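In: Quick one, what's the 3D model for this:
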Amino acid sequence: MKYLKSFGEFWYDFIIGDDWHVAALIVAGLVVTEILTHAAKVNAWWLLPAVALAALAWSLHRVTDFRK
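Out: Residues are numbered from 1 along each chain as shown. Here you go, the predicted structure:
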């Protein structure tokens, strides 16, 4: 059981890490990409990289904002 708990804690820390907002944005990007691809039949391969770059830029902006 200890191995299973350690495994879960590793993946939680790896995916969520220090900023859960980025993980939430990536999940939202995955969901929207899936909806556009399967329900709307749109070739939406480009959406997830755009969401990932936007999440990275937003996260870096929040961390490096010196006016706080």
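In: quick one: the residue nearest the centre of the chain and residue 44, what's the gap?
Out: When Cα atoms, centre = their mean is applied to the chain, the residue found nearest the centroid is residue 26 (2.4 Å). To residue 44, residue 26 is 15 Å away according to Cβ to Cβ, to the nearest Å. In short, each C-beta sits where N, CA and C put it, glycine included.
In: What of residue 16?
Out: 25 Å.
In: just to revisit the earlier point, could you grab the helix/strand/coil label for the residue nearest to the centre of the chain?
Out: helix (DSSP: H, G, I helix; E, B strand; the rest coil).
In: Check it and give its pLDDT.
Out: Model confidence at residue 26, given as pLDDT, is 94.
In: Please, which helix or strand holds residue 5?
Out: Element membership for residue 5 (DSSP states H and E) is helix 2-15.
In: Work out the gap between that helix and the centre of the chain.
Out: Relative to the mean C-alpha coordinate of its chain, helix 2-15 is positioned 18 Å out (Cα atoms, centre = their mean, to the nearest Å).
In: ok, and what's touching that helix?
Out: residue 23 (Cβ atoms under 8 Å, 6 or more residues apart in numbering).
In: any idea which helix or strand carries residue 63?
Out: Counting by DSSP H and E, residue 63 is found in helix 47-64.
In: Now do the buried residues in that helix.
Out: 47, 51, 55 (16 or more other Cβ atoms under 10 Å).
In: tell me the mean pLDDT for that helix?
Out: On average, the pLDDT along helix 47-64 is 93.
In: just checking, residue 36 touches residue 44?
Out: Yes. Applying Cβ atoms under 8 Å, one finds residue 36 in contact with residue 44, separated by 3.9 Å.
In: Can you give me the distance of the residue nearest to the centre of the chain to residue 58?
Out: 12 Å.
In: Ok, residue 20 next?
Out: The value you get for residue 20 to residue 58, if Cβ to Cβ is used, is 13 Å.
In: Next: residue 29.
Out: Residue 29 is 12 Å from residue 58, by Cβ to Cβ.
In: Cool, thanks, talk later.
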